[in-house]
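Engineer: Pasting the sequence and the predicted coordinates here, then a few questions.
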Amino acid sequence: MRVTRIEIFGFKSFMERLILPLDAGVTGVVGPNGCGKSNIVDALRWVLGETKARNLRGGVLEDVIFNGTDKLRPLGLAEVSLTLRSRGESLFDDIVEVDSETEILTELAAAELEVKQRNKDLKATADALEGSGSEAVAESGINESEESPSEESPEPQREGVLSHEEIPDERSASGEIGGNGRPKLTVILGKRGPAFEGHGDDSEGGCSSEEVSKDEPAELAQTIEAATDETPKEKAALPPPAALVQKFSWLRAASEVQVTRRLYRSGESEYFINRVPCRLRDLKELFRASGISARAYTLVAQGEVSRIVTAKPEERRIILEEAAGIAGFRDKIQAAQRRLSDTAINISRIDDIHKEVVRQVNSLRRQAAKARSRQTLKEELKDIEFLLFAHSQLHNERKLDEAKRKLEQAKNDEERCQALLQKAQSQESFARSELMRVDVVGDELRSKIDTLKEEINNRARRRSEKKSRLSELSAFELSRQTELERLHERQKTLEEREEQSRAQQVELENEATRLQQAIDEIGDAGESELEAVTARLREFEQSLREAEYAYRGSKEEHARVEGELAGVRRQFLASSPLAKLKKAAEQGVSENDSTLRMLIDGIEVRPEIAKALEAILQNRAAYLLADDPHDVARRLTQTSMAQEEGAAFGVLRSGDLSRPQSTEPNTIPFPALWSELVVEPQFSAAAHRLLDSVYLVDTFEEAMGYFASSPDSSIVCVSREGDVIDRDSFFRFRHEGGLVQMRAQIEELQSKTESLQTLLGEQEQVVSQIREQEGQTRAKREELLTIAREKQRKAKELGNELGAVRGRRQSLMSGLDQIRGDQERLLQQIREARERIQEFRKEKVQVQEELDALVPDEEKALHAQVRELQGEYLELDEVRQKHRGELSQLILAVERERSGLDSSRGVVSDQQLELQRLGMELEHSKERIEEEYGHDMFLQQSESFRIRASELSDAQVEEQREARSKIRARIVREGEVDPSSIERFEEESKRLEDLESQKKDLESASDTLSKTVERLKATSQERFVRTFDLVQKNFEKLVPRLFGGGVGSLELLDPENPLESGVSIMTRPPGKKPKSIDLLSGGEKALCATALIFSMFLVRPSPLCVLDEVDAPLDDANLVRFLSLVKEMSDRTQFIMITHNKGSMASADKLVGVTMEQPGATKVISVSLQEAYDQVA
């Protein structure tokens, strides 16, 4: 099995999703400090199940989520996925076989589960006893306790649950001794051990089986569901190999599995296997089965090497326990021993509980006897109560009949009094009506008298008012006439002012028109010319910007092309293996000789046939040309460079071949490659020698078709893509960057540079011309602006003057409007004065007529009528006094009758109240009997008790009452009795038997657990000793190899007790005898720790090993030995090595570059060194 890919998103500094493929061998992770290299190690540690934030270099687990930067927002989740792939056809074949230790762990977990179940049964019995009201058991302190949760499953302890350390002392009065002096019992129930992780509860989070997606593989979903739903006992009953097959059977059909862990900022976690939700426990089981885990020697963090060497001996033993695979055994053994100790305490206290329950059962037996006696007394009391109630009911019914008779008589008296009262009230009403009639006639006479008196007074008052009004109207008429004359005078004055204002308004309007014309003449002059010049200036500026932009772009392009040309030239020179030889040959020839040149220097190559020429010439393009090739070759062979291993060169004779002749017939349908080239004369002979009989084809299929039709042809064909074909062979040449292609690229870039240079000159002239025209236009615009500003000043002065004229005209128009308004108001006042005078005159005539109508003789007649009506009123008053005396007598009679009616109504009310009292008394007695003895029983027996009660005499009734009092007194004297004590006695007796049976079961389960613990301790010790011996042998071999000599050994400080013993390290480098490992140098300590890590790794290998800057303190010699060992072990294990060392980088099969283009956000680039080496070769 191997790890094929790591996906990281949102974890620490990985803002963007990272997909990192991992191949077999050594993968080097390189990058500057602080760029996030170690975050890859933390991501691996986290996905492998790490739950401690401090082991991930954080304070809380949410610190692993990308928290944002100054420019990047934070993310809401972190996700890491790990993909595992089998080296064979099935992952199931790669999982670790179950050994005897796993079987013992399974037995241990089963025994622990048995003890826990027995303790739960005991607690259930105690709870049942407590629920039944047993005071002794309720005070016994029976609680269910859980072990302290492990760091892998951070789960708070339940309230009300005691841990092992919280068990109080038996002698503590407040903790273990109840209020009645009886001891308490605490039943400690621990959770099942790690061997049963994943076979029951979901204590480590994740999703339940119900949350499994239906879209994922059904086999995986069913497997997880089966592993979750089965009861612990059923899982424990399976033999270990069968449990493993059932747990990972879905791996048989899978060659690859992906494991994902996700954490949200809210604290919620999710876990997936092949995108199917699962629990963290399922992930850990899969990693344990596959042999991958976050062991101390599998993920070696930065600085961990030195800590391994400087650790205490006991801490080194813990690392060896991980290599032995018993790291978790110690906790399981201790947990089992704590459970045994707790169980022993519980067993010792079961006897106290047993005694207390026996005492409780005896007490319930006595209470049951008293309850049976009390039931007999209550039956007797019930018969007496029913009999007395029936007698009381009959007595009250007789009293109720008597009360009804009296009520009927009182109602008859009430009706008689009501009739008399109505008669008296009728007479009183008639007398009142007669009195009211007399009063009405009197009021009418009084009203008439008052009306006549009022009429007399009104006539005198109106006559006086009319005379006063005539005087007032005469005065008003005179004053209005005077006011009318004054208004006429004011009207004439306003007409004169209006004429003057109109004349002034005409003058001001003429002046305003003259000023506006002057302003318009000034504004129009020169404005159009200035706008035209300004428009031309903007056009020149825009043209200048465009020309400058084009010039800068051409200049940048020219610089880029020149840089590219220089780079290609350097590459051209560096790519020629004969460059140095050419230089040496030039130094060896005489001054009269011409400078040596390569063959490719004299051939002009078009880009479209560069690949074809490259395929034909290849390294011969770098051959040198000379007049005397043998002489040049002799001198070249004498140079030191020519003697070097791998030196290769050639020298050709230069010469002109004006008419090259082809030896092939003219029937060849392809052009000769020679005809497509432009060759300098002195190079033509050499070029023709190499390119003779070479023809250019478009595709290799054309050449193959030709050779199929002409199999005897000896020509060579080359395609434009670099395929070389003759009648016997085919060769494809796809090399980029050869000398011929670089020569063609140089010629193309040179041509492009010359074109750009010409373009730059033309663009520079255009820019200069535009700038000159812009300057002339800008000067013209400034001149026009000066003239425009002078005209604007004059226009401003005229505008101010025009404003003043308009202001005066506006003021004059406002005054004229005011005069017109005054004239209209004055005319209105004149009209109103004239109308008012006419009204006064009309009113005077009307008032005079009304005054003449008031005659004195009519007033005398009115006085006579008043005297006659006053006499009639006196006679009527005597009749009213008589009727009032009669009415008083009738009122007294009505009051007498009303008093009698009230008396009769009081009697009726008293009788009704008596009836209600008797009815309520009967109802209350009935309700009390029904509430105490039941409604059904009362209905069944009420008639028989009524018959018996009707036959009782007063003496017998008194006897029954005395018997009831005696029974009640006896019940009070005996006190309260629990009516359920009979049933409780039977239940407690049964539970006592269950308690005795549970004690036996608990003792048996405890004995099984104790034996299993001893077996596990023996197995752990045997496996630790065996692993220690293997690690020691490996360490003795690896120390000389890593140090280049020397010796090294491991030693147990307490061989008699290896599981508690510390481990010491002794290392002696070549030529040294240090007394302590602390005296070694940093590099030697690193080699020593590396030897120990690899020694354990050879005993318990893992598919993956991560080394974080382990090579930092090593020098070159030690580094070579270290890398040799890593390379040797990489055949079976994948190594991820984080390093800054160039040697380590060179030895890696693949490099992963880590950097931060943006601060705080990591970016990764992956490069395969082997592929790079293959491309270079």
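Structural biologist: On my side now, so go ahead.
Engineer: give me every residue that touches the nearest residue to Gly325 once chain neighbours are set aside.
Structural biologist: Distance criterion CB to CB, 6 or more residues apart in numbering; nearest residue to Gly325, sequence neighbours excluded, is Arg1100 at 6.4 Å. For glycine as for every other residue, the C-beta is placed from the backbone atoms N, C-alpha and C. Listed by CB atoms under 8 Å, 6 or more residues apart in numbering, the contact partners of Arg1100 are 322-325, 1027.
Engineer: Taking the residues you listed, tell me the two that lie furthest apart.
Structural biologist: Taking CB to CB, the two most distant members of those are Glu322 and Thr1027; they sit 9.8 Å apart.
Engineer: C-terminal to the longest helix anywhere in the chain, what's the next element?
Structural biologist: If you go by DSSP state H, the chain has its longest helix at helix 329-524. Using DSSP states H and E, the helix or strand that follows helix 329-524 in sequence is helix 527-575.
Engineer: Which other helices and strands does that next one contact?
Structural biologist: When contacts are defined as 3 or more CB pairs under 8 Å, 6 or more residues apart in numbering; DSSP states H and E, helix 527-575 packs onto helix 739-853.
Engineer: ok, 10 Å please
Structural biologist: Applying 3 or more CB pairs under 10 Å, 6 or more residues apart in numbering; DSSP states H and E, one finds that helix 527-575 contacts helix 579-588, helix 739-853.
Engineer: how far off helix 739-853 does it point, in degrees?
Structural biologist: Put simply, helix 527-575 runs at 150 degrees to helix 739-853, going by axes from the mean of the first three to the mean of the last three CA atoms, to 10 degrees.
Engineer: re the thing from before, as a markdown table, the contacts of Arg1100 with secondary structure, neighbour count and distance to Ser554 would be great.
Structural biologist: Converted to a markdown table, those look like this (DSSP: H, G, I helix; E, B strand; the rest coil; neighbours: other CB atoms under 10 Å; distance: CB to CB, whole Å):
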| residue | secondary structure | neighbour count | distance to Ser554 |
| --- | --- | --- | --- |
| Glu322 | helix | 19 | 69 |
| Ala323 | helix | 24 | 70 |
| Ala324 | helix | 24 | 75 |
| Gly325 | coil | 20 | 73 |
| Thr1027 | helix | 20 | 76 |
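Engineer: Distance to Asn362 added to those, as CSV?
Structural biologist: As requested, the contacts of Arg1100 are exported to CSV (distance: CB to CB, whole Å):
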residue, distance to Asn362
Glu322, 59
Ala323, 62
Ala324, 58
Gly325, 57
Thr1027, 61
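Engineer: The stretch 1051-1177 of the chain: strands as residue ranges?
Structural biologist: Along the stretch 1051-1177 of the chain, the segments classed as strands by DSSP state E, counting those that start in this stretch run 1063-1068, 1104-1108, 1134-1138, 1150-1158, 1161-1168.
Engineer: that older thread, out of the contacts of Arg1100, who's nearest Glu465?
Structural biologist: For the contacts of Arg1100, the nearest to Glu465 is Glu322 (131.9 Å; CB to CB).
Engineer: Dump the contacts of Arg1100 into a markdown table; add pLDDT as well.
Structural biologist: Shown next, in a markdown table, are the contacts of Arg1100 (pLDDT from 0 to 100):
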| residue | pLDDT |
| --- | --- |
| Glu322 | 75 |
| Ala323 | 72 |
| Ala324 | 74 |
| Gly325 | 71 |
| Thr1027 | 87 |
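Engineer: Between these, which sits nearest Ile449?
Structural biologist: For the contacts of Arg1100, the nearest to Ile449 is Glu322 (134.7 Å; CB to CB).
Engineer: Tell me which of the helices and strands packed on helix 527-575 approaches Ser925 most closely.
Structural biologist: That would be, of the helices and strands packed on helix 527-575 and by CB to CB, helix 739-853, which comes in at 96.6 Å.
Engineer: The helix or strand following that closest one - contacts with which helices or strands?
Structural biologist: Going down the chain from helix 739-853, the next helix or strand is helix 856-933, by DSSP H and E. Where contact means 3+ CB pairs under 10 Å, 6+ apart, helix 856-933 is packed against helix 329-524, helix 935-950.
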